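>>> Pasting the sequence and the predicted model now:
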There are 2 protein chains.
Amino acid sequence: MTQSNTQQQSPRSDAANVVNGVDLEVLGGTVSAVQAEPELGVCRFRARNTWVDGARNESRVTGFYGAAQEIAHRQPFTMIADEPPILAGNDDGANPVEHLLHALASCLTTAMVAHAAVRGIRIEAMESELEGDLDLNGFLGLNPETPKGYTDIRVKFRVDAADGDIDAIRELAEFSPVFNTLTNGVNVDVQVERK
Amino acid sequence: MTQSNTQQQSPRSDAANVVNGVDLEVLGGTVSAVQAEPELGVCRFRARNTWVDGARNESRVTGFYGAAQEIAHRQPFTMIADEPPILAGNDDGANPVEHLLHALASCLTTAMVAHAAVRGIRIEAMESELEGDLDLNGFLGLNPETPKGYTDIRVKFRVDAADGDIDAIRELAEFSPVFNTLTNGVNVDVQVERK
């Protein structure tokens, strides 16, 4: 895993077209294109996962469909999942429900940063802590009444921005795709065939 | 990013208490403990995210609460999120909605592998492909009628196991916490305070 080299205190670019590190010309180009031709907004994101052994498996992401074309990432990304020893794993990676928290944290952050940039709201720093409640009686099948998934997730952001902008920044979280997926639910079709 | 060194064809352990790479004594110990004292199943998983710049941010996972105690991972895990250039990012990591697919893939895989092991169902290999539909008209705020999150996610597993076990393995996917979180939805409380 790449170690964090967060430089949270570094000055953001002062270029007129860059706010919160977001190049508004680039983002504006995408917005204009989708506005002119809404079909360009249709995306299909993808991942491919391979079971390694026990609780360990790995996903690989190489590209996606968007703007009416296949778009390759600049490099493939590999994400590792494992479980801690208490769940019979080797603890070689965050576990699936921790990866879910990362997906949520990163999406909320990106949504607020990008939408703030478009509105000219400057953010100097942002960090968050997430906590999700999950009762293993569900996953382990010990109590059919116990929900198997998260029941509640709490996210606390601390944002370095003008005092008057904090409420507006909070509202921008509502644009986050992962936030919306989790709060509204989504159809998931699972098919299993023999290899 | 750690590169994949998947050894999908390697023989699984033949030890009597290890099925699908899952140590049934260890897992059985956890199950017995939670069965005897259901409160031990209550878990709180956590992540901490720091915005780096633009579309890039990083989450760190160090431990969780479970079995009535704080449990540290053997090592901290860092997950990086970024966006592709079309969304004004530098493409330094999978994006948040791709991380969500990884969370789902890994959780479904782990649920099937572990529950199959407990039932004595042997799995030789397992891989999956995921695809999620997301219309950027929602996230970009161009059409208030467009859902901002995923509307459909399709997961196709290919499993090397006995022909007669495939249907049973598919049913075990229903134990997956991430699958249940996504299909049922979850309460997400987002608070933003000034740093």
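Happy to help now that I have it. Numbers count the residues shown, from 1 in each chain, chains lettered A, B, ... in the order given.

>>> Could you pull up the mean pLDDT of the longest helix seen in chain A?
Counting residues, the longest helix found in chain A (DSSP state H) is helix A:96-118. In this model, helix A:96-118 has an average pLDDT of 98.

>>> what mean pLDDT would you report for the following helix or strand past that helix?
Using DSSP states H and E, the helix or strand that follows helix A:96-118 towards the C-terminus is strand A:123-135. Regarding strand A:123-135, the rounded mean pLDDT is 98.

>>> got the buried residues for strand A:123-135?
A:Ile123, A:Ala125, A:Met126, A:Glu127, A:Ser128, A:Leu130, A:Glu131, A:Gly132, A:Asp133, A:Leu134, A:Asp135 (16 or more other Cβ atoms under 10 Å in any protein chain shown). All C-beta atoms are positioned from the backbone trio N, CA, C, and that covers glycine.

>>> Then stretch A:26-40?
A:Val26, A:Leu27, A:Thr30, A:Val31, A:Val34, A:Leu40.

>>> check contacts around the fifth one.
Shown in contact with A:Val34 (Cβ atoms under 8 Å, 6 or more residues apart in numbering or on different chains): A:Leu40, A:Gly41, B:Leu136, B:Asn137, B:Leu140, B:Leu142.

>>> Inside helices: which ones of these?
B:Leu136, B:Asn137.

>>> Any of the contacts of A:Val34 buried? List them.
Among those, those scoring as buried are A:Leu40, A:Gly41, B:Leu136, B:Asn137, B:Leu140 (criterion: 16+ other Cβ under 10 Å).

>>> Closest one to B:Leu172 out of the residues you listed, please.
B:Leu136 (34.7 Å; Cβ to Cβ).

>>> Would you check how far apart the closest one and A:Asn184 are?
17 Å (Cβ to Cβ, to the nearest Å).

>>> do A:Gly141 as well
From A:Gly141 to A:Asn184 the distance is 27 Å (Cβ to Cβ).

>>> Could you export the buried ones among the contacts of A:Val34 to TSV, including columns for distance to A:Asp189?
Listed next are the buried ones among the contacts of A:Val34 as TSV, based on distance: Cβ to Cβ, whole Å:
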residue	distance to A:Asp189
A:Leu40	25
A:Gly41	22
B:Leu136	22
B:Asn137	23
B:Leu140	26
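
>>> ok, which pair from the residues you listed is furthest apart?
Spatial extent of the buried ones among the contacts of A:Val34 (Cβ to Cβ) is set by the pair A:Leu40 and B:Leu140 at 10.6 Å.

>>> which residue ranges form the helices in chain A?
In chain A, the helices defined using DSSP H lie at A:24-36, A:96-118, A:136-139, A:166-172, A:177-184.

>>> so where's chain A shaky on pLDDT?
Counting by pLDDT under 70, chain A has low-confidence residues at A:1-14.

>>> one more time with 80
Scanning chain A for pLDDT under 80 picks out A:1-16.

>>> Closest to the centroid, which residue in it?
A:Ala103 (2.8 Å; Cα atoms, centre = their mean).

>>> From B:Ala36, how far out is A:Glu58?
Taking Cβ to Cβ as the measure, A:Glu58 falls 35 Å from B:Ala36.

>>> swap in A:Arg158?
Computed as Cβ to Cβ, the A:Arg158 to B:Ala36 distance reads 40 Å.

>>> swap in A:Val113?
Distance of A:Val113 to B:Ala36, given as Cβ to Cβ: 47 Å.

>>> With A:Glu70 instead?
If you measure A:Glu70 against B:Ala36 using Cβ to Cβ, the figure is 53 Å.

>>> likewise A:His73?
48 Å.

>>> wait, what's in contact with A:Cys107?
A:Ser176, A:Pro177, A:Val178, A:Phe179, B:Ala81, B:Pro96, B:Val97, B:Leu100.

>>> That should have said A:Asp135, apologies.
A:Thr146, A:Pro147, A:Thr151, B:Gly41, B:Val42, B:Cys43.
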